[in-house]
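> quick one, structure for this:
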Amino acid sequence: MGKGNTLNENSSLRELLNQLVNSEHWVKEIVAAYLGVKPEQVVITVKEADR
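Below you'll find the predicted structure:
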């Protein structure tokens, strides 16, 4: 694998992380408005899959 591929992969990963952070921001804003709390008070957790 050449260096170009690594840079592209890092760029793609960075873009995905940026999209995730942006999505998290809006989810917190919407949920906070719905619940009548501040966005900083909203915590997103992931439930472990049942086995």
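> so residue 32 is in which element?
Using DSSP states H and E, residue 32 sits within helix 3-35.
> got any ranges where this protein has weak pLDDT?
Low-confidence segments of the chain, defined by pLDDT under 70, are located at 1-5.
> center of it, which residue is that?
Compute the mean C-alpha point of the chain, and by Cα atoms, centre = their mean the closest residue is residue 20, 2.6 Å away.
> what's the neighbour count on residue 32?
Counted with other Cβ atoms under 10 Å, the burial measure for residue 32 works out to 15 neighbours. For the C-beta atoms, the positions are set from N, CA and C on the backbone; glycine is no exception.
> please name the nearest non-neighbouring residue to it.
Of all residues not flanking residue 32 in the chain, residue 39 sits nearest, at 4.3 Å (Cβ to Cβ, 6 or more residues apart in numbering).
> isn't that neighbour up against residue 27?
No: the pair residue 39 and residue 27 does not pass the contact test of Cβ atoms under 8 Å, sitting 9.3 Å apart.
> what's the overlap in contacts for the two?
Shared contacts of residue 39 and residue 27 (Cβ atoms under 8 Å, 6 or more residues apart in numbering): none.
> for the residue nearest to the centre of the chain, give its distance to residue 38.
Shown here: residue 20 relative to residue 38, a distance of 21 Å by Cβ to Cβ, to the nearest Å.
> residue 21 now?
Residue 21 is 18 Å from residue 38, where distance means Cβ to Cβ.
> one more: residue 46?
Residue 46 sits at a distance of 22 Å from residue 38 (criterion: Cβ to Cβ).
> give me the more crowded residue out of the two.
When residue 46 and residue 38 are compared on other Cβ under 10 Å, the one with more neighbours turns out to be residue 38, at 9 against 5.
> spatially nearest residue to that one, not counting backbone neighbours?
Nearest-residue entry for residue 38: residue 32, 5.9 Å, with adjacent residues in sequence omitted and distances by Cβ to Cβ, 6+ apart.
> what sits against that neighbour?
38-39, 41-42.
> make a PyMOL selection of the buried ones in the residues you listed.
In PyMOL, selecting the buried portion of these, with burial taken from 16 or more other Cβ atoms under 10 Å, looks like this:
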select buried, resi 42
